[in-house]
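K.L.:
Fold the following and give me the result.
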Amino acid sequence: MAQWNLWHGCHKISAGCKNCYVYRFDAAFDRDASIVSKNADFGLPLKKKRNGDYKLPAGETVFTCFTSDFFLKEADEWRIDAWKMIRLRIDLQFYIVTKRIDRFRVNLPQDWEDGYENVTICSTCENQEMADFRLPILLNLPIKHKAIICEPILERINLSHWLTPSIEEVVVGGESGNNARICDYDWVLDIRNQCIENKAPFHFKQTGARFLKTGHLYQIKRQDQHSQAAKAGIDFGI
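P.N.:
Presented below is the predicted three-dimensional model:
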């Protein structure tokens, strides 16, 4: 798996953004994470080694724009070229997570039609308000591969209305960082049950730093949050 961070910086738009890891990281280096700038790796998918091979080999899954948002307004013009690179590298699988699914159509390629086969679009929803706003939009967009990410999960969320056969995966995770809000295991299991009932693949990605289970609050170190979630053994259909 590879990361392709085309631009850096973002703006907080919903409750899930409160303790954004990009803002935390930038603050440690006295940088302003609200300033958006294009990264030097913007053209990564087309970069080649000295022998002429692509730096990103065919078949790679590319996690895209994880220090910003792919559909950020400031990046509207840059996104035109980003889509061109994605189209040229049809041999890569691009995984795009967004809190701005409502801006999906801005500068969408003319040849998009019902979507590119090598693109998965994941809409986040950290609470019921965002699920009710973003997921109807996601379901009605021409995208071949769709996923839902409840991360950081902040409350019990009812996804049952949106778990149609077009949803290929639901990912749930807690919040990291010193000021992390609680991730309640009951919320995680509730979404898992909804996924089982609707035959939607489910993945418990990470516990978060403050993990509530059977009435006990656990403080989980950052390096253990993914492995502890995996130990729960509750993934379904993956």
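K.L.:
In the chain, what helix or strand scores lowest on average pLDDT?
P.N.:
Least confident helix or strand of the chain, by mean pLDDT, DSSP states H and E, is helix 21-28 with a mean of 92.
K.L.:
Need the residues that contact the helix or strand that it is followed by.
P.N.:
Downstream of helix 21-28, the first helix or strand assigned by DSSP states H and E is strand 37-38. Strand 37-38 is contacted by residues 6, 7, 8, 9, 78 when judged by Cβ atoms under 8 Å, 6 or more residues apart in numbering. No exception for glycine: its C-beta is placed from N, CA and C like everyone else's.
K.L.:
what lines up beside strand 37-38 in the sheet?
P.N.:
strand 7-8 (antiparallel) (DSSP bridges).
K.L.:
The residue lying closest to residue 201 once chain neighbours are set aside: neighbour count?
P.N.:
Sequence neighbours aside, residue 237 is the residue nearest to residue 201 in space, at 3.7 Å (criterion: Cβ to Cβ, 6 or more residues apart in numbering). Counted with other Cβ atoms under 10 Å, residues neighbouring residue 237 total 13.
K.L.:
Tell me who's in contact with residue 90.
P.N.:
Residue 90 neighbours (Cβ under 8 Å, 6+ apart): 116, 117, 118.
K.L.:
Repeat that for residue 210.
P.N.:
Here residue 210 is in contact with 174, 175, 180, 181, 182, 183, 217, 218, 219, 220 (Cβ under 8 Å, 6+ apart).
K.L.:
And the last one, its phi and psi?
P.N.:
Think residue 220. Dihedral pair for residue 220: phi -110, psi 130, per degrees, to the nearest 10.
K.L.:
wouldn't it be in contact with residue 228 here?
P.N.:
Yes: look at residue 220 against residue 228 with Cβ atoms under 8 Å: they come within range, at 5.8 Å.
K.L.:
More neighbours: which of the two?
P.N.:
Legend: neighbour count by other Cβ under 10 Å for residue 220 and residue 228, higher for residue 220 (21 against 17).
K.L.:
where's the more buried one relative to residue 22, distance?
P.N.:
According to Cβ to Cβ, to the nearest Å, residue 220 stands 21 Å off from residue 22.
K.L.:
which strands and helices sit next to the helix or strand containing residue 122?
P.N.:
According to DSSP H and E, residue 122 maps onto strand 119-124. Here strand 119-124 touches strand 93-98, helix 128-139, strand 145-150, going by 3 or more Cβ pairs under 8 Å, 6 or more residues apart in numbering; DSSP states H and E.
K.L.:
next one: the least confident helix or strand of the chain to chain centre, how far?
P.N.:
Put simply, helix 21-28 sits 18 Å off its chain's centre (Cα atoms, centre = their mean, to the nearest Å).
K.L.:
Contacts for it next, please.
P.N.:
Residues contacting helix 21-28 (Cβ under 8 Å, 6+ apart): 8, 9, 10, 12, 32, 33, 67, 68, 176, 177.
K.L.:
Could you pick out the buried ones from those?
P.N.:
By neighbour count, with 16 or more other Cβ atoms under 10 Å, the contacts of helix 21-28 hold 8, 9, 10, 33, 67, 68, 176, 177 as buried.
K.L.:
Give me the phi and psi for residue 16.
P.N.:
Residue torsions, per degrees, to the nearest 10, at residue 16 are phi -70, psi -20.
K.L.:
oh, I was asking about residue 57
P.N.:
phi -70, psi 150.
K.L.:
Closest to the centroid, which residue in the protein?
P.N.:
By Cα atoms, centre = their mean, the chain has its centre lying nearest to residue 97, at 3.1 Å.
K.L.:
That one reaches residue 122, doesn't it?
P.N.:
Yes: if you go by Cβ under 8 Å, residue 97 and residue 122 touch, sitting 4.4 Å apart.
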